[in-house]
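S.K.: model the following, please.
(2 chains)
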Amino acid sequence: MRAPMVILIIVVVGILGFLLVYSQQHEMTAAVQGHGGQAGSGGYGAASGGYGAAAGGYGAPAAGGYGAPSGGYGSAPAAGGYGSAPATGGYGAPPASGGYGK
Amino acid sequence: MADQENNKKGQIWAFIITGVLILISLLYYKANVYYIYLVVYIWFGFAYGLMLQYGRFCFASASRDLFAAGVPRMAVGILVALIFFSTIQATLASTNMSTFHPAPIGIQVLISGIIFGVGMVLAGGCASGSLYKIGEGNGTSILAILGISFGQAIFVDLGGVFNSFVPESWKVSSAAKGLPPDKVTSWFDYYLTGYVWDKASVQLSHTKAIANAFPGALKYFIGDSLLNALIPAVLLIIIIYAFYTRKGFLKKRSKAKGGATGFGDEVSGVWNMLTASKRTTIMGILIGITAGLHIYVMKGMQLKFGVNNFGQLLTRMGHTADVSIRGTVFDPGYWYITSQEAQFGGWVLQKFGWNMRDNVFFGVNNGLPELWRNPALWMSIGIILGAMVMSLMNKEFKFKMPKGELIAWGLLGGTLMGMGSRPALGCNIGAFFIRVAGGDPGGWLFGLGMVTGAFVGVKFFNWWSERKMAKEMEAF
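M.R.: Below you'll find the predicted structure:
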């Protein structure tokens, strides 16, 4: 294989490798917690209004949290945000996994 | 000498393009750490582009080669990629690291596949194939992607007289969903909310039979991977072997051995077919692995930022005009092609004053982000640039201006691909490759339609070419 091609492959594999490692480091939870406050207090525009089509989708963080279950980003669904809309008769039920967006 | 110089020039350009992408990625990261989510799409798109171009992976070529020339190379490569991807997909699902979700199954998927299949043969490339061919400088593919982009955007927003064809049952069902009336205005809105959303989505691992028989992680490997992808893919490989290469291979074998052939020779024949084009097969394996890795990284990013849609990050950054009323943008979480092109078309039409947000597709589901903040669109740009880099490296880049009837085929084929992919909620990648590997039998339904449509398209092209040639001969 020619040297330029080898260099290119190394660069691309290196970047993908970096993104892989970076994506698995979840220390960002702290930053996310900050935003969680906003969400809980009705942030994210339409979300608080209840068009949350993702039944269980947006609520996922609340269900397990990423180390920040108390008042973190996950608290939004509990406060009537994304996840609760379908239960109240929103149109959210069909795209259960957030899938019809395509 | 001149050839060597051209080669060097190509390599320099390849590194310049790669360097610019690295710079763009760094600028995004510097602007806001959340943009790293978008950067993931850029680089996986780039990797897909490199591999698609190197392996010359295209579903349209696969169909054309198989039906018109009897060459199974590409079709086999796609099936190999599917086998690897489904195994990785099952592993990810079993560790709760998958972003896959099945789509509603129904006759609409089959019909859409047929329309898409005809379109991809006319355009000379499928949705992913057209993107990598743009990277090679193919002008017809640019027209095909324009056809896909604007065809879809217009398709999902057509109201007025088109709404008079909508069945009353769709309207009733749609109204029951409680959507804001100003967002349900096109025939496609009624189709989506009043028909498609009422259809069941199936993922084998989540069916009662599979989940009860194989509790735990095994259900993903048995249901989604083995039953939905591996066994059908292996059967298809055997069928392709039996119809296209078996006779010739066994004849040669028999001659070489000077006697009858047995089961061992059949196995050798299948292996010979699989390895006939190492380039395609190896790329099939790598594409399968990369697509799996892509899902893993996207899921990791979602967990990292505590979101499951990039729209939430855009909202945090204050770009609320980009997102839908649900606060979302199109963010598939894996390899996907057509919706982001629809967003591109919609974005352009919106800039020209066409209200594209008054429908479910853009207004409720996918949003209409600025192009530079559209994650999936960056994946498509990455594919184009990755393919361009690879073709420059291999001296295969050449800009070809579309001429004559190719202009019409490109636009028509692209439009048909767009019209086929929207009702099915995906294209050859999103509705077939990803779905089949994820355990959704609907993927095979789309695949069946796509192959049927491609067969019709190939036959049409053969007829057209012969007719044209006969006319030319007459004139001569």
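S.K.: then the helix ranked longest in chain A to PDB, C-alphas only?
M.R.: Taking DSSP state H as the criterion, chain A has its longest helix at helix A:3-23. In PDB, the C-alpha atoms belonging to helix A:3-23 read as follows (Å, rounded to 0.1, in the frame of the first residue of the first chain):
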ATOM      1  CA  ALA A   3       2.500   5.800   1.900                       C
ATOM      2  CA  PRO A   4      -0.100   8.600   1.400                       C
ATOM      3  CA  MET A   5      -2.900   6.000   1.600                       C
ATOM      4  CA  VAL A   6      -1.400   4.600   4.800                       C
ATOM      5  CA  ILE A   7      -1.200   8.100   6.300                       C
ATOM      6  CA  LEU A   8      -4.800   8.800   5.300                       C
ATOM      7  CA  ILE A   9      -6.000   5.600   6.900                       C
ATOM      8  CA  ILE A  10      -4.000   6.400  10.100                       C
ATOM      9  CA  VAL A  11      -5.500   9.900  10.300                       C
ATOM     10  CA  VAL A  12      -9.100   8.600   9.800                       C
ATOM     11  CA  VAL A  13      -8.700   5.700  12.200                       C
ATOM     12  CA  GLY A  14      -7.100   8.000  14.700                       C
ATOM     13  CA  ILE A  15     -10.000  10.500  14.600                       C
ATOM     14  CA  LEU A  16     -12.600   7.800  14.800                       C
ATOM     15  CA  GLY A  17     -10.700   6.200  17.700                       C
ATOM     16  CA  PHE A  18     -10.600   9.500  19.500                       C
ATOM     17  CA  LEU A  19     -14.300  10.000  19.000                       C
ATOM     18  CA  LEU A  20     -14.900   6.500  20.300                       C
ATOM     19  CA  VAL A  21     -12.900   7.000  23.500                       C
ATOM     20  CA  TYR A  22     -14.400  10.500  23.900                       C
ATOM     21  CA  SER A  23     -17.900   9.300  23.600                       C
END
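S.K.: which residues touch B:Asp358?
M.R.: B:Asp358 makes contact with B:Asp157, B:Asp182, B:Lys183, B:Thr185 under the criterion CB atoms under 8 Å, 6 or more residues apart in numbering or on different chains. All C-beta spots, glycine's among them, are computed from the backbone N, C-alpha and C.
S.K.: switch to 6 Å and redo it
M.R.: B:Thr185 (CB atoms under 6 Å, 6 or more residues apart in numbering or on different chains).
S.K.: and the residue in the stretch 251-400 of chain B that chain A sits nearest to, what element?
M.R.: Nearest to chain A in the stretch 251-400 of chain B, going by CB to the nearest CB, is B:Gly300, at a distance of 3.1 Å. Using DSSP states H and E, B:Gly300 sits in helix B:278-305.
S.K.: by contact count, what packs against that helix?
M.R.: Using 3 or more CB pairs under 6 Å, 6 or more residues apart in numbering or on different chains; DSSP states H and E, the elements in contact with helix B:278-305 are helix A:3-23, helix B:36-55, helix B:73-94.
S.K.: so what's the gap between the last one and the chain middle?
M.R.: Okay, so that is helix B:73-94. Centroid separation for helix B:73-94 versus its chain: 14 Å, with CA atoms, centre = their mean, to the nearest Å.
S.K.: may I have it exported as PDB, CA atoms only?
M.R.: Taking Å, rounded to 0.1, in the frame of the first residue of the first chain, the C-alpha atoms of helix B:73-94 are listed here in PDB:
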ATOM      1  CA  ARG B  73     -19.900  -9.300  -7.000                       C
ATOM      2  CA  MET B  74     -21.700  -6.300  -5.600                       C
ATOM      3  CA  ALA B  75     -24.800  -8.000  -4.400                       C
ATOM      4  CA  VAL B  76     -22.600 -10.500  -2.500                       C
ATOM      5  CA  GLY B  77     -20.600  -7.700  -1.000                       C
ATOM      6  CA  ILE B  78     -23.800  -6.000   0.300                       C
ATOM      7  CA  LEU B  79     -24.900  -9.300   1.900                       C
ATOM      8  CA  VAL B  80     -21.500  -9.800   3.500                       C
ATOM      9  CA  ALA B  81     -21.700  -6.300   5.000                       C
ATOM     10  CA  LEU B  82     -25.200  -7.100   6.300                       C
ATOM     11  CA  ILE B  83     -23.900 -10.300   8.000                       C
ATOM     12  CA  PHE B  84     -21.200  -8.400   9.900                       C
ATOM     13  CA  PHE B  85     -23.300  -5.400  10.700                       C
ATOM     14  CA  SER B  86     -26.200  -7.500  12.100                       C
ATOM     15  CA  THR B  87     -23.800  -9.300  14.500                       C
ATOM     16  CA  ILE B  88     -22.400  -6.100  15.800                       C
ATOM     17  CA  GLN B  89     -25.900  -4.600  16.000                       C
ATOM     18  CA  ALA B  90     -27.000  -7.500  18.200                       C
ATOM     19  CA  THR B  91     -24.000  -7.100  20.400                       C
ATOM     20  CA  LEU B  92     -24.800  -3.400  20.800                       C
ATOM     21  CA  ALA B  93     -28.500  -4.100  21.500                       C
ATOM     22  CA  SER B  94     -27.600  -6.700  24.100                       C
END
